[in-house]
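In: A predicted structure for the sequence below; I have some questions about it.
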Amino acid sequence: MQALDWPLFLSETLFSRFDGSYELPYLSNSPQLMAESIAQLPVTEHNRLRQLISTNNQFFKGVMHYRQAAEGLWILATEMAPEKDLVSRALYDATLTADYYFLSFAVFEYRFPLDETGNAATLRSTTCTFYKPRTEVATFFYTGSTGRFYNIAFTRNWVEQHLVFSSTAEKEKALQFLNNETGFLNWIDIVPAAETLSTAIWQQLQSDETPDSNPQWFADTLHQVIGHFFQAAFADKRLENYSSLYNKDYAKVALAEKQMLNNLHKPFAGVDAMAKTAGMSPTKLKAIFKSVFGFSMLQYHKEKNLLFARQLVQRSPVQVKIVAAIAGYKTVNKFSAAYKKRFGVLPTEDRRTVVDGAY
């Protein structure tokens, strides 16, 4: 195997076109290498003393903090505002060790146009992903969005030494899942109070006088997040009997999800059309999508669609009947019924609660 010439690779791929977006690659063998590979981008500035990487270029503005909280436990926190549609790709140098698992959660905001006069609503998206060593993950970021995402990196050894499980059998299941085969899982929202947690972590990073001034706070906080992740993941049964996939399959599924999210305001395009976009058979796409996202493609579209609609109800003055139309429902009654089934309240009741100041 030949070592990856990272500077040469960057010169050939950085901000090249990739599936309709501009490519932003980084190395993911370890958190240290991830930070170093991003610091080597020709558009970034690296302050090693503060463990801070920053950039302000024609494609995106961003700041990354990185910290080692304990042996085998790191956090890399990034605040980002894309100026162009970007796809961030986790890559690997095959000649180097890759023994870190990455648990990532993101809190992003974007402005959704409500009409042709310029009125818009600010909507928020929270997601969580988990991927194993040597899994090549593609993440899409869209022009006009702003937000933060957090990569929590940990080793199998850290899990064995620090995580407490409810039973020996549960611990064995977790360790069985943490093997060296590829694996990528996505949850719409599995991190408790993700927005509050995001603010707390970011404030702590900014307030540290030196990068090593408060490692225990990070160690305790990340420990809680990882522990809760495993509890929630065991509850939905997705870690059991998980089958690893090829990296090319993960990339194709990410492309299918991108296509779906770009068209939430439209009826579901159908598995056949999505499969054509992804470049695989409908049967294979359905199976892989369910494995990665925990929903069928239609269920995922409905879930994202309703979460999107709820934010319009809560964060905009748009009439419910217009929200129903934006969300792709033919009638207000069908929209209200789906809304109440998912959230336990009618959209008019949800809006009244917000107006009355309960949120």
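Out: Sure thing, it's come through.
In: tell me if Glu64 really is in a strand.
Out: To be clear, residue 64 is Met; Glu isn't right here. Yes - assessed with DSSP: H, G, I helix; E, B strand; the rest coil, Met64 lies in a strand.
In: quick one, what contacts it?
Out: Neighbour list for Met64: Ala35, Ile38, Leu52, Ile53, Ser54, Leu76, Ala77, Thr78, Glu79 [criterion: C-beta atoms under 8 Å, 6 or more residues apart in numbering]. Placement of C-beta: from N, CA and C, glycine included.
In: what is the nearest of those residues to Pro192?
Out: Pro192 lies nearest to Ala77 out of the contacts of Met64, by C-beta to C-beta, at 17.8 Å.
In: so which helix or strand takes in the closest one?
Out: strand 73-82 (DSSP states H and E).
In: ok so, going back, ok, of the contacts of Met64, which come out buried?
Out: Neighbour-count burial (16 or more other C-beta atoms under 10 Å) is assigned, among the contacts of Met64, to Ala35, Ile38, Leu52, Ile53, Ser54, Leu76, Ala77, Thr78, Glu79.
In: circling back to that earlier point, with the contacts of Met64 in mind, which one is nearest to Leu285?
Out: The closest of the contacts of Met64 to Leu285 turns out to be Thr78 (C-beta to C-beta; 30.0 Å).
In: would you agree Gly72 is in contact with Asn157?
Out: Yes - using C-beta atoms under 8 Å, Gly72 is in contact with Asn157, at 5.5 Å.
In: and those two? Which one has more around it.
Out: Gly72 (19 against 11; other C-beta atoms under 10 Å).
In: on that earlier part again, using a markdown table, lay out the contacts of Met64 together with pLDDT and distance to Tyr339.
Out: Shown next, in a markdown table, are the contacts of Met64 (pLDDT from 0 to 100; distance: C-beta to C-beta, whole Å):
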| residue | pLDDT | distance to Tyr339 |
| --- | --- | --- |
| Ala35 | 97 | 43 |
| Ile38 | 97 | 41 |
| Leu52 | 96 | 43 |
| Ile53 | 97 | 42 |
| Ser54 | 97 | 42 |
| Leu76 | 97 | 37 |
| Ala77 | 97 | 34 |
| Thr78 | 96 | 34 |
| Glu79 | 96 | 33 |
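In: need these in CSV (columns: distance to His301).
Out: Output for the contacts of Met64, formatted as CSV (distance: C-beta to C-beta, whole Å):
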residue, distance to His301
Ala35, 36
Ile38, 33
Leu52, 39
Ile53, 36
Ser54, 37
Leu76, 31
Ala77, 30
Thr78, 28
Glu79, 29
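In: nearest to Thr221, of those residues?
Out: Set against Thr221, the nearest of those by C-beta to C-beta is Ala77 (11.5 Å).
In: my read: the closest one touches His65, true?
Out: Yes - if you go by C-beta under 8 Å, Ala77 and His65 touch, sitting 4.9 Å apart.
In: shared neighbours of these two, which are they?
Out: Leu205.
In: so what are the domain limits for this protein?
Out: Using automatic domain parsing, the domain parsing of the chain gives 6-244, 248-355.
In: quick one: least confident helix or strand in the chain?
Out: Scoring the helices and strands of the chain by mean pLDDT, DSSP states H and E places helix 347-355 at the bottom, with a mean of 76.
In: now do the same contact list for Leu73.
Out: By C-beta under 8 Å, 6+ apart, Leu73 lies in contact with Ile152, Ala153, Phe154, Thr155, Trp158, His162, Ala219, Leu222, His223.
In: one more time with 6 Å, if that's ok
Out: Residues near Leu73 by C-beta atoms under 6 Å, 6 or more residues apart in numbering: Phe154, Trp158, Leu222.
In: any idea how far Ile226 is from the closest residue in space to His223 that isn't next to it in sequence?
Out: Leaving aside its sequence neighbours, His223 sits nearest to His162 (C-beta to C-beta, 6 or more residues apart in numbering; 6.3 Å). His162 is 9 Å from Ile226, where distance means C-beta to C-beta, to the nearest Å.
In: between these two, which one's more packed in?
Out: Per other C-beta under 10 Å, whichever of His162 and Ile226 has more neighbours is Ile226, with 20 against 17.
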